[in-house]
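>>> Fold the following for me, if possible:
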Amino acid sequence: EGNFVKPKARNCIAGHPGVMKKGEHYFATFAAAPRGDTTRVLQAISVGKGYSRSAFDINVAFPKAECKDYERIPLRYPTGMDRKDSEGNTLFALLERNLYGSPAAPRRFAQARNKWMLQYFNENGWICTKLRFDPCLFKIISPQGKWTFLLVHVDDCDLISELSSDAALITAAFDKRFGVTVCDPHFLLGIQREISIKDGVTYLEMTQPDYIDSLVKRFESEIKTQVKKRGQIESPFPPGTFLSVLGDPDHGIEPPSEQEIAEAKALGYQNAVGSLNWAARHCYPEIASGTHLLCRVMASPSIQAFDCAMHMIAYLDGQRHRGIRFRNDAPGTPVCYYDSSDKKDPKDSKAQYGYVIIMYGGPILWSSKKHNHAGRSSTDNEYMCQAHACTAVMWLRGLLREMGFGDLISEPTPLMGDNDQATNLACDDILTQANRYFRLEYHFCKECFEAGDTSPLRVAGVDNISDVLTKSLAAPVIARLRPGLTGYASLPSPPPRPRD
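Okay, the predicted model is just below:
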């Protein structure tokens, strides 16, 4: 609101490569980061199973951890705080604890935090487990047998609990050990997560209105030009547009010149695409396909590509009131939709594919990427896409099983595809001259089916919501598929598996 709260400053290590050398000033740096997919799983479960939500932030986290003896490096005092000895020689500080700026700082804090959690919450009848399918997610069981799940974003902690009193005890323990600030669980890391009840149904909606506002203001004049040129923006990406570093030969579009590339970069293309990617990853799956196309030409954008980016921001401006939504009266069992385009990038002949997994009525995870290999037919592309979708399904099934929600995956997860040949090939050993060359790695979907983890089924092409993740579509198609993709419309139940 623009009100002054408090002064805030930090002393940080100048940790850039010009100052600190790996193997001399620091060594290992890896620290696990949580998946956005896991965040959505927790939010969906909270509304689906009626768990309470809470959140807190660990105050000044990094210095709460010790550094290793071999990381105790000399530091120059900040400007204006210089110190000298009695003979006028410059004095240096010696690093005693973990400090912001060090490449190893997140790792050291994560180690200290996890060690304390796994010790403290495994005493006096409590049980705490760090999950393998997301090492930033912890399952904490109270002495009364009630569950709490805690997802740690470095120093931001997101909790869902069977009992709110357990969450309060966990928060108090963190506060005693580290010092915390209790946060509003309706807003975390720039994402609003509002709960509402209508006609006896509980909804949880995830949106990014403030983020979109800031993005729109950054490119306000360019967006006005787009709206003036195209009218109301109702499609995430200009329909029928295709981007490649080699242009679009099918429509006679040549690659951009060096001058055009420099101009597009100077207009802020890379900044715009990076910002769009953040929205595509969290609350707007329908822009994932267009964002992927923009990323293809990140190093050599054309003015056309820049206009497409502005089109997408203008689209988000009109969609700021919504995002993705979950509901407690929708099935909690996951259902996966997948699809692949057959249009090849002229650079490498690889097509674009996408998949989405729906749970409690909304999208838990989604992806829109280019295939790793060139497909020689639509069936080839769809079969490769099915294998990619299976990897996401297997991760989610593993996570839910480890969390203790085996009831949600007691049956094979439906894989909804619109290519009958790809669907049938996953279920039967149909070897033909047209498919005998398929790479072994893509038969992973056969293994998933044979193990009882997936059930490949047919969905009509016009009803396949993952089509939005494969190409730029016209506004009427987007209007028809987007509600089911984002959780604002119910999807039909998957058909039963055909009898063998």
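>>> low-scoring stretches of the stretch 151-300 of the chain, by residue?
Across the stretch 151-300 of the chain, the ranges flagged by pLDDT under 70 are 230.
>>> now the strands for it?
For the stretch 151-300 of the chain, the strands defined by DSSP state E, counting those that start in this stretch cover 156-161, 180-183, 187-188, 191-198, 201-207.
>>> Mind giving me the packing neighbours of the second one?
Under the contact definition 3 or more C-beta pairs under 8 Å, 6 or more residues apart in numbering; DSSP states H and E, strand 180-183 sits against strand 52-58, helix 164-177. Where you see a C-beta, it was placed from the backbone N, CA and C, and this is true even at glycine.
>>> what do you get for the first one?
Taking 3+ C-beta pairs under 8 Å, 6+ apart as contact, the helices and strands that strand 156-161 lies on are helix 36-49, strand 52-58, strand 147-153, helix 164-177.
>>> Distance to N3 and mean neighbour count added to those, as a markdown table?
Output for these, formatted as a markdown table (distance: least, C-beta to C-beta, whole Å; neighbours: other C-beta atoms under 10 Å):
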| stretch | distance to N3 | mean neighbour count |
| --- | --- | --- |
| helix 36-49 | 29 | 23 |
| strand 52-58 | 19 | 21 |
| strand 147-153 | 26 | 21 |
| helix 164-177 | 25 | 17 |
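>>> ok, back up a step: okay, the strands of the stretch 151-300 of the chain, which one's buried deepest?
Mean neighbour count (mean count of other C-beta atoms under 10 Å) peaks for strand 156-161 among the strands of the stretch 151-300 of the chain, with a mean of 23.
>>> which neighbours does that strand have in its sheet, and in what orientation?
Using DSSP bridges, the strands paired with strand 156-161 are strand 52-58 (antiparallel), strand 147-153 (antiparallel).
>>> Report the distance from the helix or strand that the first one is followed by to the chain centre.
Sequence-wise, the next helix or strand beyond strand 52-58 is strand 74-75, with elements assigned using DSSP states H and E. Averaging C-alpha coordinates over strand 74-75 and over its chain gives two centres that are 38 Å apart (C-alpha atoms, centre = their mean, to the nearest Å).
>>> quick one: contacts of strand 74-75?
With contact meaning C-beta atoms under 8 Å, 6 or more residues apart in numbering, strand 74-75 is reached by I13, F92, A93, L94, L95.
>>> from the residues you listed, which is closest to V227?
I13 (45.9 Å; C-beta to C-beta).
>>> ok so, going back, between the helices and strands packed on strand 156-161, which one is closest to N464.
helix 36-49 (21.0 Å).
>>> Now do the closest one and strand 191-198, the angle between them.
Here the directions of helix 36-49 and strand 191-198 differ by 20 degrees (axes from the mean of the first three to the mean of the last three C-alpha atoms, to 10 degrees).
>>> follow-up on the earlier one: which single one of the contacts of strand 74-75 is nearest to T225?
T225 lies nearest to I13 out of the contacts of strand 74-75, by C-beta to C-beta, at 43.9 Å.
>>> Quick check: that closest one touching M20?
Yes. I13 lies in contact with M20 (C-beta atoms under 8 Å); the separation is 7.3 Å.
>>> For these two, indicate the residue with more neighbours.
Set side by side, I13 and M20 show more neighbours around I13, with 21 against 17, by other C-beta atoms under 10 Å.
>>> Can you tell me, leaving aside adjacent residues, what's nearest to the more buried one?
The shortest distance from I13 to any non-neighbouring residue, by C-beta to C-beta, 6 or more residues apart in numbering, is to G101 (3.4 Å).
>>> So that neighbour sits against H25, correct?
No. Assessed by C-beta under 8 Å, G101 is found out of contact with H25, at 11.1 Å.
>>> all strands for the stretch 351-500 of the chain, in order.
Listed in chain order, the strands of the stretch 351-500 of the chain (DSSP E, counting those that start in this stretch) span 352-359, 362-370, 413-417, 454-458.
>>> about what we covered before: quick one: closest of the helices and strands packed on strand 156-161 to P209.
When the helices and strands packed on strand 156-161 are compared by C-beta to C-beta, helix 36-49 sits nearest P209, at 17.1 Å.
>>> residues contacting S341?
A351, Q352, Y353, N381, T470, K471.
>>> Swap in 6 Å and give it another go.
By C-beta atoms under 6 Å, 6 or more residues apart in numbering, the contact set of S341 is A351, Q352, T470, K471.
>>> cool, L408 as well?
Contacts for L408 (C-beta under 6 Å, 6+ apart) come out as G332, T333, L400.
>>> which non-adjacent residue is nearest it?
If the residues on either side of it in the chain are set aside, L408 comes closest to G332, at 4.9 Å by C-beta to C-beta, 6+ apart.
>>> ditto for L42
Once flanking residues are discounted, L42 sits nearest to I160: 5.1 Å by C-beta to C-beta, 6+ apart.
>>> Any figure for the gap between the one you found and R108?
Relative to R108, I160 is positioned 28 Å away (C-beta to C-beta, to the nearest Å).
>>> what does R401 give?
32 Å.
>>> Next: I58.
Distance from I58 to R108, by C-beta to C-beta: 14 Å.
>>> do P494 as well
Computed as C-beta to C-beta, the P494 to R108 distance reads 47 Å.
>>> Who has more neighbours out of these two?
R108 (25 against 19).
>>> Which of the helices or strands spans that one?
helix 105-120.
>>> Flag every buried residue along that helix.
Going by neighbour count (16 or more other C-beta atoms under 10 Å), the buried part of helix 105-120 is A105, P106, R107, R108, F109, A110, A112, R113, N114, W116, M117, Y120.
>>> Check stretch 71-80 too.
Judged by neighbour count using 16+ other C-beta under 10 Å, the buried positions of stretch 71-80 are E71, I73.
>>> end to end, how far does it reach?
Taking C-alpha to C-alpha, to the nearest Å as the measure, stretch 71-80 stretches 25 Å from start to finish.
>>> How far away from the center of its chain is stretch 255-274?
26 Å.
>>> wait, stretch 194-201
With C-alpha atoms, centre = their mean as the basis, stretch 194-201 stands 25 Å off its chain's centre.
>>> Restrict it to CA atoms and write it as CSV.
The C-alpha coordinates for stretch 194-201 follow below in CSV (Å, rounded to 0.1, in the frame of the first residue of the first chain):
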residue,chain,number,x,y,z
GLU,A,194,-8.3,-18.0,-2.7
ILE,A,195,-10.9,-20.4,-1.3
SER,A,196,-14.6,-19.8,-1.9
ILE,A,197,-17.8,-21.8,-1.3
LYS,A,198,-20.8,-21.8,-3.7
ASP,A,199,-23.8,-24.0,-3.6
GLY,A,200,-22.1,-26.3,-1.0
VAL,A,201,-19.0,-26.7,-3.3
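>>> residues in contact with it?
With contact meaning C-beta under 6 Å, 6+ apart, stretch 194-201 is reached by H186, Y203, L204, E205, R327, D329.
>>> The same query, at a cut-off of 10 Å, please.
For stretch 194-201, the surrounding residues in contact (C-beta atoms under 10 Å, 6 or more residues apart in numbering) are 43, 46-47, 53, 185-187, 202-207, 323, 325-330, 361.
>>> same check, this time on stretch 115-126
Here stretch 115-126 makes contact (C-beta under 10 Å, 6+ apart) with 64-65, 127-130, 138-145, 148, 150, 152, 166, 169-170, 173-174, 176-178.
>>> If we use 8 Å, what do you get?
The contact list for stretch 115-126, computed with C-beta under 8 Å, 6+ apart, reads I127, C128, K130, F138, I140, I141, S142, P143, I170, A173, R177.
>>> which residues touch the nearest residue to A475 once chain neighbours are set aside?
The shortest distance from A475 to any non-neighbouring residue, by C-beta to C-beta, 6+ apart, is to E234 (4.0 Å). Taking C-beta under 8 Å, 6+ apart, we find E234 in contact with Y315, G318, A475, I478, A479.
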